[in-house]
Structures are given as C-alpha cells and as structure tokens.
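> model this:
(one chain, ligands or ions: 1)
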Amino acid sequence: MGRIKCIGILTSGGDAPGMNAAIRAVTRTAIFNGLTVKGIMRGYHGLVTNEIIDFKSQSVSNIIQKGGTILKTARSKEFMTEEGRKAAYDNMQANGIDALVVIGGDGSLTGAQLFAREYDIPIVGLPGTIDNDLSGTDSTIGYDTALNTIMDAVDKLRDTATSHERLFFVEVMGNTAGYLALNGAIASGAEAAIIPEMETEVDQLSQLIDHGFRKSKNSAIVLVAENKKTGGAMGLAERIKHEYPQYDARVTILGHIQRGGSPTAIDRILASRMGAAAIQALLDGQRNVMIGIQNGEMTYVPFAKAVSREKKLDRGSIDLVKILSI
Ligand code: F6P
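Numbering: from 1, shown residues only. Okay, here's the model as predicted:
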C-alpha cells in the first residue's frame, strides 16, 4: 500500500449530533496534512452509487453547531451484498480514494470491517451514535447531546407529573443498551431506570413498586430503555393497568427527537478531537480501527472489539439511581 493521498469520508446509520463537527475535523485535518478529501453522500449507499463530491475547507464551514449530517446518512442494503461492495470498491478506485473515514455506529463499523478485509483498504472509524454502545470508548459522538435532550424533556415532564401526582414512563432510545436510560435517569433525578442489562436479573417493575415507589413521593418518573426485554414504556404501562391498577400511569416516548439538535460543547470537542485523530491514525499507518476515548486519552480500538458489546454498564450507577431516589 502506497502513501495515502486522498481520503473519502462518510456518515452511516442513525445520525447523531456532532457528526458534522467530526466531518469538519476530518476534512480540515486532512487538508492541513496535504491530503485531498472526497465527501461520500448517504453513507455506503453513495459509495455504491458513486455519489461522491470534492471537499474543500469551505465545504465544512459553519457546520460545527448543526445537528444531523451534511453528508446525509442511510442504512444501505446494497452494501450488505458482495456485488454492492464490489461496486463500492470500483467507485473508490475511480475517484482515487485511498482510504476511508467512516462515522457511525455498530452496523456501520461492522460493514467497514468486512469491506476492509475483503479489499485490503485502510479504514478508520469514528463512534457516531447516541446509543453509546460501542466498546473501547467511554463515550460516543452524540451521546452527551442526547442525554441533555432527555434531561430537558424530563425536567418538563416533572412539572406535570408532580401536579397530577402521576407515574410517568419515559421511553428513551439506546438500541440494545441502557446507557441513555441509566445516565438520563441520574441527570434528571428520575426515580428509576428500567434497562435491558438488568432484565434477566430482576423484575424491575415489581421491584420499583414493591420496594420504593410512593413511600415518600406522590409522583415518579421512570426512564425506560426501548427494548423487547424491558417491554418498553407501553408494555410497562399495560402491566401497571393490570397488576397495580391503583396507580395512574402515563407514557411519553421521546423517539427521534433524541437524535436532533445542536451538539453540546462536549460532543463538539469529542468529535473534533476524534476527527483529527482519525487522520493522524491513517498517516501513522493504522487501519481498521475505531478511534475511542478512555480516561481522556485517544485510543485505537480494533473494529472487532468496538462492535463486540463487551462494554459493561457501570453497576455503581445502577445503585446510584436507587440511592438518590429514596
Ligand atoms: O442507533 C441509533 C438509534 O437511534 C437507536 O437508538 C434506535 O434504536 C434506532 O437508531 C432507530 O433507528 P431508525 O432511525 O431507523 O428508526
């Protein structure tokens, strides 16, 4: 493999606030180091269909504060096929792209791992997802902004929950992980978080009702991670109706609002540092790694580890929600 002269950048999977800050950092660090940059539209889909544009420093002006992704995003079905990846490789060659920076979550990095292995291409990934479910990094780009969105929403719900003395189930995203629910609960002072990681250990709803709820409070907010295992907020409210009819429960599903909005300072800084580190990694000869952050330091995480779901929720935080809600 010769020297890298041109990099392609794409965003893939669910968008996350801070993706634009990452695009900006990757582009400008690459140009600063004498590389040329191509923006690939709509994730892997644009690589397959050759929607590739030249990126200059000005292409990423005035985007650090914007949510979403200026490159658009998609979950590409074509790229999951061998023919699709062959077309993607041919388009990379035709556009003179020597290496890729892929910003996305576990599906996107799994695709990157496969593509890199099949075609021997240097690829560096950036963890771009609100779910914070990638291993080898303390935080993903977009997670902090989504937590702040959840916190703001719960602050508002608290007013009506208190006035009506009601139990609220607030469903948050997270894919298969409970990070948004657990840390959203700590940040908003919620009475409990119901998360998939605990579902096999205890019946979290009965524990909440039997052990604590309403001993000292007339209203409660429970954050529920979207997941079949937890039953989601609707499933739990249904259970309340049948098993604990004395309670007046309401459901709020925050949904895709959690993916939007201007990124927080923490996400902008994280995305900027990670974007610059991605280019440095490629220049240093790294390939097939995700950039992570651990205890403030940038790390290189092999794709296989990044998508392994090895990262464990902090048990202390689970206890903390209980302690602080007495
Ligand atoms: O991975 C990000 C995420 O927002 C998950 O939290 C959620 O489960 C999923 O994407 C929703 O995907 P879609 O945008 O396709 O509805």
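> all strands of the stretch 101-250 of the chain, in order?
Counting by DSSP state E, counting those that start in this stretch, residue ranges of the strands within the stretch 101-250 of the chain are 123-127, 167-172, 192-194, 220-225, 249-253.
> of those, which is nearest the ligand?
Between the ligand and those, the tightest spacing by Cβ to the nearest ligand atom is seen for strand 167-172, at 8.4 Å. Every residue, glycine included, has its C-beta placed from N, CA and C.
> any part of that closest one near the ligand?
No: figure legend: strand 167-172 not in contact with the ligand (Cβ under 6 Å from any ligand atom); closest approach 8.4 Å.
> so how far is the host helix or strand of Asn91 from its chain's centroid?
Secondary structure assigned from DSSP states H and E places Asn91 in helix 82-94. How far helix 82-94 lies from its chain's middle: 27 Å, per Cα atoms, centre = their mean, to the nearest Å.
> can you check stretch 304-323 too?
15 Å.
> still on that earlier bit, which one of the strands of the stretch 101-250 of the chain lies closest to Lys56?
strand 123-127 (20.7 Å; Cβ to Cβ).
> other residues contacting the closest one?
Here strand 123-127 makes contact (Cβ atoms under 8 Å, 6 or more residues apart in numbering) with 22, 26, 99-105, 108-109, 112, 115-116, 134, 137, 140-141, 271, 274-275, 278, 281-282, 286-292, 303, 306.
> is it correct that Tyr44 is in contact with Leu10?
Yes: assessed by Cβ atoms under 8 Å, Tyr44 is found in contact with Leu10 at 6.9 Å.
> kindly report the residues of the stretch 101-250 of the chain close to the ligand.
When proximity is defined as Cβ under 6 Å from any ligand atom, the stretch 101-250 of the chain approaches the ligand at 105, 129-131, 173-175, 226.
> which of those residues sits closest to Ala74?
Gly105 (13.0 Å).
> wait, isn't that closest one in contact with Gly14?
Yes: the pair Gly105 / Gly14 is scored as a contact, 6.3 Å apart, by Cβ under 8 Å.
> quickly list what's touching both of those two.
Joint contacts of Gly105 and Gly14 (Cβ under 8 Å, 6+ apart) are 129, 131.
> what about the nearest residue to Thr140 once chain neighbours are set aside, distance to Leu208?
Spatial nearest neighbour of Thr140, chain neighbours left out: Pro127 (4.0 Å); criterion: Cβ to Cβ, 6 or more residues apart in numbering. Separation of Pro127 from Leu208 (Cβ to Cβ, to the nearest Å): 32 Å.
> tell me who's in contact with whichever residue of the stretch 201-326 of the chain sits closest to the ligand.
Closest to the ligand within the stretch 201-326 of the chain is Arg259: 5.5 Å, counting by Cβ to the nearest ligand atom. Contact analysis of Arg259 by Cβ under 8 Å, 6+ apart lists 14-17, 67, 130, 142, 146, 173.
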